[in-house]
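In: make a model of this:
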Amino acid sequence: MVDIDRGDVWKAITAENFMVIGMVTARGEARTAGVMHAVHDERLWFTTHDLAWKARHIGANPAVGVTVPIAKRVPLLPWIKIPAATVTFAGEAEIIALAEMPEQVRSALLDDLEVTDGGDHGNIVGVAVRPTGDFVTYGVGVSALGMRDTELAAGRVRAASVSA
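Out: Numbers count the residues shown, from 1 in each chain. Modelled structure (predicted):
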């Protein structure tokens, strides 16, 4: 197992801007969505509309699963396809009004976008995901070639800085 710490995992997550969030519908059906994210205060943030299905599902059940893919490349041989490294974790999601989101998060996610209130899609809201339990990693902290050894490439580290 790779020796990795929380700081290394947060650094890898922060360097990316895409994640897949998994949630459960009111009928108990699994759903996932790919979203662009920003990191602030040990939370992953993304935006959606308050009338969107993501907001409805998270509002009904804030327990989510997240996977952040991390692109890997072989130096000097970029045409060789390497599976992405990943960070996966369980988390608690919270819907936050746009005005209550940290300014740097709003700027990172909405810069250069015209934000209007209301309309057919509803209002833009933020979603803050706080990791719980452990970060489970694959390929983080090892070379692209090192990912061939599945035991070496796997890692696990506590996600929260303080036990809940």
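In: state the distance from the most far-flung residue of the chain relative to its centre to residue 140.
Out: In the chain, the residue that sits farthest from the middle, by CA atoms, centre = their mean, is residue 76; the gap is 29.0 Å. As judged by CB to CB, to the nearest Å, residue 76 and residue 140 stand 22 Å apart. In short, each C-beta sits where N, CA and C put it, glycine included.
In: likewise for residue 3?
Out: Counting by CB to CB - residue 3 and residue 140 are separated by 11 Å.
In: joint contacts of those two?
Out: residue 155 (CB atoms under 8 Å, 6 or more residues apart in numbering).
In: the residue most central in space within the chain bridge partners, please.
Out: Taking CA atoms, centre = their mean, the centroid of the chain lies closest to residue 19, which sits 4.3 Å from it. Note on residue 19: beta-bridge partners by DSSP bridges are residue 35.
In: roughly how far apart are it and residue 140?
Out: Distance from residue 19 to residue 140, by CB to CB: 14 Å.
In: same deal with residue 153?
Out: Computed as CB to CB, the residue 153 to residue 140 distance reads 8 Å.
In: can I assume the residue nearest to the centre of the chain is in contact with residue 35?
Out: Yes: in this structure, residue 19 is within contact of residue 35 by CB atoms under 8 Å, at 6.2 Å.
In: shared neighbours, these two?
Out: Joint contacts of residue 19 and residue 35 (CB under 8 Å, 6+ apart) are residue 46.
In: hang on, residue 12 is in a helix, isn't it?
Out: Yes: Residue 12: assigned to a helix according to DSSP: H, G, I helix; E, B strand; the rest coil.
In: list the contacts for it?
Out: Neighbouring residues of residue 12 by CB under 8 Å, 6+ apart: 68, 70, 85, 87, 137, 140.
In: check residue 87 too.
Out: So, once contact is read as CB under 8 Å, 6+ apart, residue 87 ends up touching 9, 12, 13, 67, 68, 70, 135, 136, 137, 140.
In: which helix or strand contains it?
Out: Take DSSP states H and E as the rule and residue 87 turns out to sit in strand 85-97.
In: what do you get for residue 77?
Out: Using DSSP H and E, no helix or strand contains residue 77.
In: before I go, just wanted to say thanks for your time.
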